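A.B. asks: can you look at this prediction? I've put the sequence above it.
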Amino acid sequence: MFQTKAELLGAIQDIIKIQMIAVEEQGILHHNCSLNNSMIEDDGNGVENEIPPGIDHAYFDSQQLV
């Protein structure tokens with residue numbers, strides 16, 4: 001899946017970024033933030049600082065923050 005350690009670390013960094021965006025903008029906290037439970041595209045663009053349109057937080061077994 002990953003050609004280099006830098007690609008792996010970039011994917012992990014993007015997962016952290018998108019989870020922070022989900023919490024800050026939508027009040028959503030995901031239960032399982034692992035590489036095996038993340039949709040990773042290999043287009044090299046990384047996170048674009050937004051939750052992709054059409055993503056339903058309930059689909060990902062999310063929990064609304066109190």
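C.D. replies: Alright, I've got the coordinates.
A.B. asks: pull the helix or strand with minimum mean pLDDT from this protein.
C.D. replies: strand 62-64 (a mean of 45; mean pLDDT, DSSP states H and E).
A.B. asks: next, Met20: secondary structure please.
C.D. replies: Using DSSP: H, G, I helix; E, B strand; the rest coil, the structure places Met20 in helix.
A.B. asks: for Asn32, same thing?
C.D. replies: Classification of Asn32 using three-state DSSP returns coil.
A.B. asks: burial count for it?
C.D. replies: By the criterion of other C-beta atoms under 10 Å, Asn32 has 10 neighbours. Backbone N, C-alpha and C define where each C-beta goes, glycine included.
A.B. asks: for the protein, give me the ranges with low pLDDT.
C.D. replies: By pLDDT under 70, the weakly predicted segments of the chain are 1, 33-66.
A.B. asks: can you verify Ala11 is assigned to a helix?
C.D. replies: Yes - counting by three-state DSSP, Ala11 is part of a helix.
A.B. asks: now it: how far from Thr4?
C.D. replies: Ala11 sits 11 Å away from Thr4, going by C-beta to C-beta, to the nearest Å.
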